[in-house]
Every structure is written in C-alpha cells, then in structure tokens.
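Asks: Make a model of this:
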Amino acid sequence: MTQRDDDSLPVAGELADPRGFFGHPRGLMTLFTTELWERFSYYGMRAILLYYLTDTAANGGLGFDTVTGQAFVSIYGTSVYLLSIVGGWMADRVIGARRSVLYGGVVIAAGHVCLTVPGFGFSMTGIALVALGTGFLKPNVSTMVGELYARDDHRRDSAFSIFYMGINIGSLVAPILVGLAEDWGGYHAGFSVAAVGMGFALVFFVLGRRYLGEAGRHVPNPVRREERPALVRLALLVVAAVALTSGVAVWISGGWGLDAFIDGMSYLALLVPIAVFTVMFRSDRVTAAERSRLAAYVPLFIGAMLFWMIFEQAATTLASFAADRTQLDVLGFTVSPTFFQSVNPASIVLLAPVFAWIWTKTHDRPPTAYKFALGLALAATSFLFLSAASAILGEEQAPAWVLVAVYVIQTLGELCLSPVGLAATTLLAPRAFRAQAMAIWFLAEAAGQAITAQTIQATADVSDTAYFGWIGAVAMVFAFGLLAVAPWVTRHITRANEMEAEAAS
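Replies: Got it, this is the predicted structure:
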C-alpha cells in the first residue's frame, strides 16, 4: 500500500477499483446505502412518533397530552445532537469512525426492535437506544466519505452530493411507507418498517466494509496516557453539570417525570454552547485573529439556532397541524398526515441543483452572514404565512397546499443556511478547536430544539394563529438584526485574515 501523506486521507490511487460507483470508489456505495437506509429508519420512526405518543391507549398510543408529546419529540431531537458530540469524540479518540458506525447501527436496530413491542417501557427504551445509536453513527458516516479521497481529488464535492442524495431519498420515502404501514397495521407495524430499514443499513455496511479501504479504520487522535487524568476530570465535570441541571429541573417541575426530563435536557442544551464559547474565548491557544473570527461566528450561531428551532418543528407542531387542521383528501385520495414530512426532502432533490447553480453564477455571493439572514427570514416567513392562513380559515381545515407551501419555504431557507453553515463553522472555529467544528454546529440544532420544547410548554393554551405568528415575528426580528450586523461580521472575518497575513509576512 502507498505510504500515507496524511493519517486521515488516502493518497491518490490508493483505493482499488476507483471507478466502481458512478466513477467513485465502491466504498461510496457502501456509505451511500448505509446512510440511505439509516435515514429511512430515522425519519420513518420520527414521522409517526408524535402520533404514537399522543394517541389514546385504545388506539395503540401512549396517551401523552399534545403539549408533552410535542416537547418530548423536540427533546428527542436535542438528545440526538448532543449525543452526536459524544459519538464524534469517541470515534476521534477511542474507537474510530468505522466501529462507531457499526456499534451505533446495532444500537439503533435494537431500539427500533424495542419500538415494535407494545408497552411504555419498551417504547422509552427504544427511543433512548435510537437516540444513542444515532449519536454514534450520524457524525461518522460523512467523515468516512471524506476519507475515501485524497485532499486534491476533484471527485470529493460530487461524492458528497451523491451521499446527500442518499439521505434525501431515505427521508423522502420513509414517511410515505411508514405512514402506509401505520394506517394498515397500527403504530408498531410502522415502527417495524423502520426497523427493517435499519436492518438493511447494517447489512449493506457489513457486506460493503471491504470496499472502504482504510477509511474509518484507525483512531485519528487516540487518547494518550498523560491525557487520562484531565479527561477523567472533564468527565466528572460533565457528570456534575448533568446532575446539577437535572436537580434544578426536578426542583422546578416538583418531582421526577417527563416534564423534569424535558426541562433538564433543555437547560443542558442551552448551557453547553455558552460553556463551549466561553472556553474558546478564554483559551490561551486562541490567537487574537481567531477571537475576531469567533466573535463573528456568534451571531451566525444564534441565527442557525433560531432557524433550526423553526425547521425542526416538522415532527412536532407541523405534524399536529397536518393531522388536526389539514384536509387529507387530495385529488380524491385520503393521504396520511405523515406524507407531508416528505415534502422537504422532495424539495431538496428538486431545488438543490438550482441553488448550486445560483451560488456558482454569483461566485458564492452574497457573503455568509447575508445567506444566514436570508435563511432565517424564510423560516420566519413560513410561520407567518401559516399564522395568516390559520387566521383566515378560522375553524375550517386548511387545504393541503398550505402546509406544502410552508415546507417548501422552509426548504428554501435551509438551502440558504445549512450548506454554508458547517463550512462557516470549520472556517471560523479556532485551529485548536477545528476538530470539534462539527460538534459546534450540532449544538445549534440541539439548542434550537430545546427552545422549541420550552416554547411549546409555555404556550400550551395559545391558538395556532398566535403561536406561529409570534414565533415567526420574533424570528423575523432576529433575521433583520442579523442582516444589520452582517457587515460587522464580514469586517471581523476580513480583519482576522489581514492580521494573520501581517503576522506571516
């Protein structure tokens, strides 16, 4: 085998049969199919989760009230992203990406199997296992895609485009098939379809591992012996922080229970980003130029957090709107409310090439901060539109096109913000924390869904018109605020680049 120039990336020509999958290494086929079926299982399960939690026991549900069910689903999303930080760290420092994906997949499969068994205990165990397994699998599959290519391989960008197409195919088909299964045989039949999807993911990954070469096989930055005491202290600090936030949540809620769990996870998801930014700003390993970039990133992080707060309500408040306030008779057919959750991935498939063409033609203009502001403004617009529709319709049910329009508008916002978000994170994160850039981006999604959980609980008696309207209005104010500070963000980034150029000369 050719000697490596870099421990994390193969050199050109290292992988055998480099044109085995649409002109790419066959390992891309392995990761493509693994992620397609894993996302199928994840979005399929999520499509019916709220309905299962809030339906009556007589109909096979768990009987949660709507507010608790919506908040719980949001906190489930928060948990996935917080655990992704743990999964990414374990892969980088302890077990490697390949074993992290395999172990995570097995845990996810076990969780889906638990969800096929009726009963509160099995359901909660299944949800916890899916969240834990996803935390180990999600951040590491895409890492392995990058490791299939040399740094200067021109196929890298197209490889990620193919890979993300797999994600969207899985998330497009899953709500439809799982919704059909749930209509036919009940919630556990729907969960069974998701379980089968995860089984396919594991089969494809295990059978296709031989095509991965060295991708994900090694631990990039193994824990050194001298680091262990510091890591033990860090682990104890994390445990103490979790215990403290849990204790505060129990005290506020008046006892142990789902409300305390939801509140505890919310507090944790909101405090962790503050702690991470504080550590980075105070670190003596961060230069003055990097602090300038980091300051510029804070408004972007807040914008992303509010965007995901709105966008991730697809499985909570929008799922309730689909079931309770939307006409489900479309062109003579009665559709499942889960079908609406396929609108976003379908829109991504159709619109992503258009946006890629636009950014190419405009040379990636406007600058990143303006794209963030536009993305957040579109998300806010989707909720303002839904609020207006709710006010006009009154007690009548909304035509299906109303909810479809909401999802399409949000997709436009996603295409403005999400693709540039991680790139901006990796660009603006200090070098000493560059390996944790993915974790920082995940924190925005975790915190956004934590805000959703708290907002849902605080507005239990508010009408749809007021709920969507106020959230849309507040988000729009922040979007204009981000637009106002966009020149300041750009100047800080430019100044940081100039400082580094001066230091290098």
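
Asks: For residue 247, pull up the helix or strand it's in.
Replies: For residue 247, the host element (DSSP states H and E) is helix 228-253.

Asks: Check which residues of that helix are buried.
Replies: 245, 246, 249, 250, 253 (16 or more other C-beta atoms under 10 Å). Just so you know, the C-beta spots here come from the backbone N, C-alpha and C atoms, and that holds for glycine as well.

Asks: Let me know the average pLDDT across that helix.
Replies: The pLDDT scores in helix 228-253 average 84.

Asks: One more: stretch 126-137?
Replies: Averaging pLDDT along stretch 126-137 yields 93.

Asks: what's near enough to touch residue 466?
Replies: Residues in contact with residue 466 (C-beta atoms under 8 Å, 6 or more residues apart in numbering) are 387, 459.

Asks: From residue 141, how far off is it?
Replies: 41 Å (C-beta to C-beta, to the nearest Å).

Asks: and what of residue 390?
Replies: In terms of C-beta to C-beta, residue 390 sits 39 Å off from residue 141.

Asks: higher neighbour count, the two?
Replies: Each of residue 390 and residue 141 has its neighbours counted (other C-beta atoms under 10 Å); residue 141 has more, 27 against 21.

Asks: which residues in this structure form strands?
Replies: Assigned by DSSP state E, the strands in the chain fall at 329-330, 333-334.

Asks: Show me where the stretch 251-400 of the chain dips below the pLDDT cut-off.
Replies: Along the stretch 251-400 of the chain, segments meeting pLDDT under 70 span 363-364.

Asks: Just give the number of residues close to the residue nearest to residue 135 when sequence neighbours are not counted.
Replies: For residue 135, ignoring the flanking residues on the chain, the nearest one in space by C-beta to C-beta, 6 or more residues apart in numbering is residue 83 at 2.6 Å. Residues lying near residue 83 (other C-beta under 10 Å) number 22.

Asks: List the contacts of residue 83.
Replies: 131, 132, 134, 135, 136.

Asks: So the last one is in contact with residue 87, correct?
Replies: Looking back up the chat, that one is residue 136. Yes - between residue 136 and residue 87 there is a contact at 3.7 Å, judged by C-beta atoms under 8 Å.

Asks: returning to what we had before: packed most tightly, which of the strands of the chain would that be?
Replies: strand 329-330 (a mean of 12; mean count of other C-beta atoms under 10 Å).

Asks: mind giving me the domain split of the chain?
Replies: Under the assignment automatic domain parsing, the domains of the chain span 21-218, 226-284, 287-505.

Asks: any idea which of those is most buried?
Replies: domain 21-218 (a mean of 21).

Asks: Quick check: the residue nearest to residue 323 when sequence neighbours are not counted vs residue 372, distance?
Replies: Using C-beta to C-beta, 6+ apart and skipping the chain neighbours, the partner closest in space to residue 323 is residue 337 (4.2 Å). Distance, residue 337 to residue 372, by C-beta to C-beta: 31 Å.

Asks: again, but for residue 414
Replies: For residue 414 relative to residue 372 (C-beta to C-beta), the value is 12 Å.

Asks: for residue 103, what are its contacts?
Replies: Counting by C-beta under 8 Å, 6+ apart, residue 103 has contacts 95, 133, 136.

Asks: Just the pLDDT for it.
Replies: Predicted confidence (pLDDT) for residue 103: 94.

Asks: about what we covered before: dump the contacts of residue 83 to JSON lines, plus distance to residue 31.
Replies: Converted to JSON lines, the contacts of residue 83 look like this (distance: C-beta to C-beta, whole Å):
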{"residue": "131", "distance to residue 31": "22"}
{"residue": "132", "distance to residue 31": "21"}
{"residue": "134", "distance to residue 31": "16"}
{"residue": "135", "distance to residue 31": "18"}
{"residue": "136", "distance to residue 31": "15"}
